[in-house]
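K.L.:
got a predicted structure plus its sequence, pasted below:
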Amino acid sequence: MDVKTLISQVKEAEARHDLEQLGRRLPALQIRLIRDSADANALGHAISDLADAFTGRFIQLAEASLGPPPMPYAWVACGSQGRREQTVHTDQDNALILARAADREASGYFGELAEQVATGLDACGFVLCSGEVMARNPEWRQPLEHWERNFRGWIEQPERKSVMLAQNFLDLRCIHGKIDLLEQLRRRILTMIRHNAGFMAALAMEALHDRPPQWLPGGRLSRLMRQSPVLNIKRAGIMPIVGLARLLALADGVMVLGTRERIRAAVASGRLSESGGRDLTAAWDCITLMRARHQVHCLEQGGKADNRLDVGNLSQPERRQLREAFKVVRLIQNTTGRRVAGFLLQ
């Protein structure tokens with residue numbers, strides 16, 4: 001079954017049980033896509049499009065059971081779904097932007113809607129967020145004015161926790177509902193950011209906090225030190241590029257979401273050289289594809305997909321590719337990334 005067919009079936013599903021049955025096909029779909037030589041970008045878009053379809057259908061079923069919503073709202077996704085970079089090993093990151101403050105009846109309605117959607121997605125393989133960054137958490141189910149106050153507080157007092165929250169919600173994308181609510185919030189956020197160099201400087205420091213390792217586990221040195229050959233590929237490679245690309249785009253006030261799109265925007269603005277953009281994009285493709293292939297291996301072995309890559313199982317060409325990709329990321333962090341951070345800290 002291809003992606004378009006599965007999306008069509010999801011949109012036509014008549015009940016939660018039907019969606020849960022369709023959700024069981026996601027691991028096999030990732031295996032097929034990788035075996036058919038899909039690149040990491042195509043895989044991310046495919047799984048994210050399916051997550052969007054499941055989310056939208058669960059919302060429609062919830063509205064059918066609860067009745068019409070008491071006010072306009074936007075169901076938004078952040079994190080990898082917001083950037084359209086999901087794999088089958090992913091959790092939920094979502095929120096609700098309400099048109100106005102909710103009374104008790106409206107609060108109950110949206111609380112129940114969010115609960116039905118969250119548990120439905122969990123049953124389909126999009127597991128609950130351990131940090132509760134989900135619309136079922138009242139903290140992330142707020143009116144537009146409250147969201148604006150949240151961002152204002154994060155931006156004006158950019159402590160590390162505030163910056164981490166802000167950067168997660170800077171990846172918001174509307175999945176269902178009134179998209180204008182998100183667009184209004186996005187415009188206000190950009191205005192706040194442009195007038196607060198301190199926040200951008202803090203965002204730059206956070207983006208440079210996670211760095212790829214200078215050497216890979218599993219080699220002679222790690223064996224002598226009796227260290228595990230296992231590498232968390234998401235933390236070591238994915239997140240440093242995500243943070244760097246987000247920083248470079250926002251430094252120019254560009255609110256695009258995908259990591260590849262953000263790299264292109266940085267090249268277009270002159271923030272990043274053309275060769276740097278090509279190298280960083282190649283590094284991104286290499287690391288994300290290696291992660292996806294590892295997850296396929298986990299699934300084919302009967303296990304659950306994860307981010308724990310055993311470097312000892314890589315071929316010599318793969319190890320060389322991964323080393324070179326990490327080297328590119330560190331280089332651009334040390335040059336372009338630090339240059340942006342230094343300028344913002346002046």
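P.N.:
That came through, no problem. Keep in mind it's a predicted model, so treat the numbers as computed, not measured. Numbering: from 1, shown residues only.
K.L.:
which SSE is immediately downstream of the helix or strand bottoming out on mean pLDDT in the chain?
P.N.:
Ranking every helix and strand in the chain by mean pLDDT, DSSP states H and E puts helix 220-224 at the bottom, with a mean of 51. Using DSSP states H and E, the next helix or strand after helix 220-224 towards the C-terminus is strand 230-232.
K.L.:
what about that next one, distance to the chain center?
P.N.:
What separates the centre of strand 230-232 from the centre of its chain is 20 Å, taken as CA atoms, centre = their mean, to the nearest Å.
K.L.:
which secondary structure elements does the helix or strand just after that strand contact?
P.N.:
Once the chain leaves strand 230-232, the next helix or strand it forms, by DSSP H and E, is helix 233. The contact analysis (3 or more CB pairs under 8 Å, 6 or more residues apart in numbering; DSSP states H and E) places helix 233 against helix 274-300. Quick note: C-beta positions are derived from backbone N, CA and C, even for glycine.
K.L.:
now the helix it packs on: buried residues?
P.N.:
For helix 274-300, burial by neighbour count (16 or more other CB atoms under 10 Å) applies to 276-277, 279-281, 283-284, 286-299.
K.L.:
tell me which residues of the helix or strand just after that helix are tucked away?
P.N.:
The first helix or strand that comes after helix 274-300 along the chain, using DSSP H and E, is strand 308-310. Residues residue 309 are the ones in strand 308-310 that count as buried (16+ other CB under 10 Å).
K.L.:
swap in stretch 155-175?
P.N.:
For stretch 155-175, a neighbour-count test (16+ other CB under 10 Å) marks 155, 158, 162-163, 165-175 as buried.
K.L.:
ok, stretch 191-211 next?
P.N.:
192-193, 199-208, 210.
K.L.:
what lies in contact with that stretch?
P.N.:
151-152, 154-156, 158-160, 163-164, 166-167, 235, 239-240, 243-244, 246-247, 250-251, 253, 329-330, 333, 337-338, 340-341, 344-345 (CB atoms under 8 Å, 6 or more residues apart in numbering).
K.L.:
if any of these are buried, give me the ChimeraX selection for them.
P.N.:
Provided next is the ChimeraX selection string for whichever of the contacts of stretch 191-211 are buried by 16+ other CB under 10 Å:
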select :151,154,155,158,163,166,167,239,240,243,244,246,247,250,251,329,330,333,337,340,341,344
